[in-house]
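>>> Sharing a model prediction with you, sequence too.
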Amino acid sequence: MMIWVAVLFFLGGLAILVKGSDIFIRSAAAIAHRFGISEFAIGLSLVAIGTSLPEFGASVYASWIGKGNIALGNVIGSNVINITLVMGLSAVLYSVKVKKEFFKVHSTVFIASLLVLSILSFYGNFGIYAGALLLFLFAIYLLELFRIEREEVDIPEESFLYSILMLLLGAFMIYLGSKTLIKGATSIAKYLGVTETFIGLTAVAFGTSLPELVVSLIAAHRKSYDISLGNILGSNISNIFLVLGASSIAGTVVVDELAMISLSYLLVISVMFLIFMRSAYRVSKRGGTLLLIFIILFLVINIMNGKVYVYKENLLEQNI
């Protein structure tokens, strides 16, 4: 596949995936509302899962077709981008305030998700048992949110048949978009001579993080700081528990050297992010600027390590 065709596949697949995710989640909300499920429950589910749906589609499909390194790269890369780019830009433009109660609850779960990810990664590739554990932890997280949160959501008034058709259309678009996106991504990786993990950490992660960027910027502009921060932390937690859990059940998720390096980077910037939130319970413009610098460093580190990793693989193949 020629590079320009691969890029078109990647961008087209991303557009279909993001739009399909939006259609699916809105239709699901309308159907749930018709069955008497409370707006609170629907809204909370949208907050917990909605913006992570593109990562879910791309990662699960990648793992299903044996590209588990893309799945893990997407999860780690998306989490790094959420903290550095999404939070950094929101803070630089609007200086985000943090409520004390909000910080205590969400930061605890966020730290726990990072610890679980680190421990499982240390022991090697993710299989069905690791996936089941992660999904179980996501269920606990969701139940805890139901206990402490109150979210509102605008639910469209649509006919039941229309909602069902839109739900099926959204699901098909998620599948088609994920398939096209991953096909383009793997072709780009081959053309550039980089690993699929690198593409997952960068191009796929940037693309699937677009919903988080839009939601957080709009929320920060409206001074809805809880939504802006909750979107970022909730998405990162969902990426680890839900996305990686489902991907591990769909197929083996490979943990390679490049993924471990990026995971170490994620842990460092996560600690820094939590310190920023705890300091005067505000992410200042200065803190946001520093976070934006870290996304540049993330890209530089991955480009350098990606080339080294490919060089090592080539040497190994030659020796064999």
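In hand now; what should we look at?

>>> contacts, neighbours, all on C-alpha from now
Will do.

>>> least trustworthy helix or strand in the protein by mean pLDDT?
Every helix and strand of the chain was ranked by mean pLDDT, DSSP states H and E. The lowest is helix 39-49, at a mean of 57.

>>> which strands and helices sit next to the helix or strand following it?
Once helix 39-49 ends, the next helix or strand along the chain (criterion: DSSP states H and E) is helix 53-64. For helix 53-64, the packing partners by 3 or more Cα pairs under 8 Å, 6 or more residues apart in numbering; DSSP states H and E come out as helix 3-34, helix 68-81, helix 160-192, helix 205-208, helix 244-250.

>>> Pull out the buried positions in the first one.
By neighbour count, with 16 or more other Cα atoms under 10 Å as the criterion, the buried positions of helix 3-34 are 6-7, 9-11, 13-33.

>>> just the longest one next, same as before
Within helix 160-192, the residues scored as buried using 16+ other Cα under 10 Å are 163-164, 166-189.

>>> One more: stretch 54-67?
For stretch 54-67, a neighbour-count test (16+ other Cα under 10 Å) marks 54-64, 66-67 as buried.

>>> What of stretch 238-251?
With burial defined by 16+ other Cα under 10 Å, the residues of stretch 238-251 counted as buried are 238-251.

>>> swap in stretch 263-276?
Within stretch 263-276, the residues that count as buried by 16+ other Cα under 10 Å are 263, 265-267, 269-270, 272-274, 276.

>>> out of these, who's nearest L115?
L267 (9.0 Å; Cα to Cα).

>>> Go ahead and confirm the closest one touches L114.
Yes - between L267 and L114 there is a contact under Cα atoms under 8 Å: 7.2 Å.

>>> circling back to that earlier point, reformat the buried residues of stretch 263-276 as a markdown table; add distance to T84.
Formatted as a markdown table, those follow (distance: Cα to Cα, whole Å):
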| residue | distance to T84 |
| --- | --- |
| L263 | 14 |
| Y265 | 11 |
| L266 | 10 |
| L267 | 12 |
| I269 | 8 |
| S270 | 9 |
| M272 | 10 |
| F273 | 9 |
| L274 | 12 |
| F276 | 12 |
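
>>> Which one among those sits at the bottom for pLDDT?
Within the buried residues of stretch 263-276, the minimum per-residue pLDDT falls on F276 (81).

>>> and it, which of the three is it?
Secondary structure assignment for F276 (DSSP: H, G, I helix; E, B strand; the rest coil): helix.

>>> let's number from 164 now, not from 1
In the new numbering, first residue 164, that becomes F439.

>>> Might one say that it is in contact with K448?
No - counting by Cα under 8 Å, F439 stays clear of K448, with 10.8 Å between them.

>>> Identify the contacts common to those two.
Here F439 and K448 have no joint contacts, going by Cα atoms under 8 Å, 6 or more residues apart in numbering.

>>> following the host helix or strand of I432, which helix or strand comes up?
Element membership of I432, judged by DSSP H and E, is helix 420-441. Using DSSP H and E, the helix or strand that follows helix 420-441 in sequence is strand 445-446.

>>> which neighbours does that following strand have in its sheet, and in what orientation?
strand 259-260 (antiparallel) (DSSP bridges).

>>> ok, residues contacting the partner strand?
With contact meaning Cα under 8 Å, 6+ apart, strand 259-260 is reached by 253, 383, 388, 444-447.

>>> For these, point out the one with the lowest pLDDT.
Per-residue pLDDT puts Y388 lowest of these, at 69.

>>> mind checking how far K448 is from K386?
Remark: distance between K448 and K386 (Cα to Cα, to the nearest Å) = 15 Å.

>>> same question, M467
39 Å.

>>> Which of the two has more residues huddled nearby?
K386 (15 against 10; other Cα atoms under 10 Å).

>>> what's the more buried one sitting at in phi/psi?
In terms of degrees, to the nearest 10, the main-chain angles of K386 are phi 60, psi 20.

>>> Which elements pack onto the helix holding I432?
Going by 3+ Cα pairs under 8 Å, 6+ apart, helix 420-441 lies up against helix 231-244, helix 263-285, helix 359-362, strand 445-446, helix 448-482.

>>> Quick check: buried residues in the third one?
Of the residues in helix 359-362, those scored as buried under the neighbour-count criterion (16+ other Cα under 10 Å) are 359-362.
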